[in-house]
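Enquirer: here is a sequence with its predicted model. Questions after.
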Amino acid sequence: MDAHQDRREFKFLLPREKFSAVRAAVEEHLEHDRGNADGYRILSEYFDSDGRDSYWEKIFGLPNRRRIRTRVYGTPGSGRDLTRFIEIKHKLDGLTVKRRVPAEGEELDAFLRGEFPALSDDEGDRVRAELRDLLNQPPKSPVVRIQYHRFAYDSGVDGTLRVTFDTEVRCAFSYEPLLSDDAEPHLPLLEPGWAIMEVKTIGPVPYWFRSLLGRYGIAPRGFSKYAVALERYEFPSSEKPKPHESGEPVP
């Protein structure tokens, strides 16, 4: 599936007793993404303002919202090169699209320190202009690092369905350089053995997948890794910052 296409996303929280069976059922219909049968690591840094504007936009369910994050794909020591991106995730009226540009390791670390990357092609120029706008209105910086192991299944480049399972989801509120041997986040976001299943689809969800949901009695539910990390570790529910303490209020 083309990550730049508009698509709908649905999330499901799978308890330990259902995860393996549901994943095996998906495997009967979809191929491993890029042949990664063992899955791969994803390491992300999420950006927000001091007043946590991005968090509150998620909580209030604003139909048009954008979020900045960096992503590093790949498992250190696996023999495969790590792939790094700077991304803008844009949700508009239920559709999701990602705009992203590749970055080298030093370039990504510089971006996390507040320096803009040297993106010279046309697409890079457009993303860079959007990043500058988002980073400054109001000012945003890295807030939390989230890491997990992903098993991904895809219907191919011209396909319309992608299903992923995120396991061992952990976070950390530290900002060391994103090196291949950096300390792994250690604060858990899921119960042991649980997984987040995410479905990305262009058009209707196939009948076989709808049948699978009914067979295992699972229903979509919202689960934002970023929001859960903040709520569980950055502030207790009784001490949440007020909405939009900094920046312009949301109408």
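Expert: Arrived safely. Numbering: from 1, shown residues only.
Enquirer: what mean pLDDT does the strand or helix carrying Y55 have?
Expert: Taking DSSP states H and E as the definition, Y55 sits inside helix 53-60. Helix 53-60 carries an average pLDDT of 92.
Enquirer: ditto for stretch 233-243
Expert: pLDDT averaged over stretch 233-243 gives 66.
Enquirer: ok, back up a step: and the helix holding Y55, what other elements does it pack with?
Expert: Under the contact criterion of 3 or more Cβ pairs under 8 Å, 6 or more residues apart in numbering; DSSP states H and E, helix 53-60 touches strand 40-49, strand 64-73, helix 225-229. (Each C-beta comes from the backbone N, C-alpha and C, glycine too.)
Enquirer: same thing but at 7 Å, please
Expert: Counting contacts by 3 or more Cβ pairs under 7 Å, 6 or more residues apart in numbering; DSSP states H and E, helix 53-60 packs against strand 64-73, helix 225-229.
Enquirer: that one versus strand 64-73: what angle between them?
Expert: 120 degrees (axes from the mean of the first three to the mean of the last three Cα atoms, to 10 degrees).
Enquirer: tell me what whichever helix or strand L13 is part of is packed against?
Expert: Taking DSSP H and E as the definition, one finds L13 inside strand 8-14. Taking 3+ Cβ pairs under 7 Å, 6+ apart as contact, the helices and strands that strand 8-14 lies on are strand 195-201.
Enquirer: partners of the strand it packs on in the sheet?
Expert: Sheet pairing of strand 195-201 (DSSP bridges) gives strand 8-14 (antiparallel), strand 161-172 (antiparallel).
Enquirer: residues of the first one that come out buried?
Expert: Within strand 8-14, the residues that qualify as buried are 10-14, counting by 16 or more other Cβ atoms under 10 Å.
Enquirer: got it, and stretch 149-162?
Expert: For stretch 149-162, the neighbour count (16+ other Cβ under 10 Å) marks 149-155, 160-162 as buried.
Enquirer: what's the answer for stretch 15-28, then?
Expert: So for stretch 15-28, counting by 16+ other Cβ under 10 Å, buried means 18-19, 22-23, 26.
Enquirer: now stretch 107-116
Expert: Buried residues in stretch 107-116 (16+ other Cβ under 10 Å): 107-112.
Enquirer: of those residues, which belong to helices?
Expert: 107-112 (DSSP state H).
Enquirer: can you read off the pLDDT for G105?
Expert: So G105 comes in at 82 (pLDDT).
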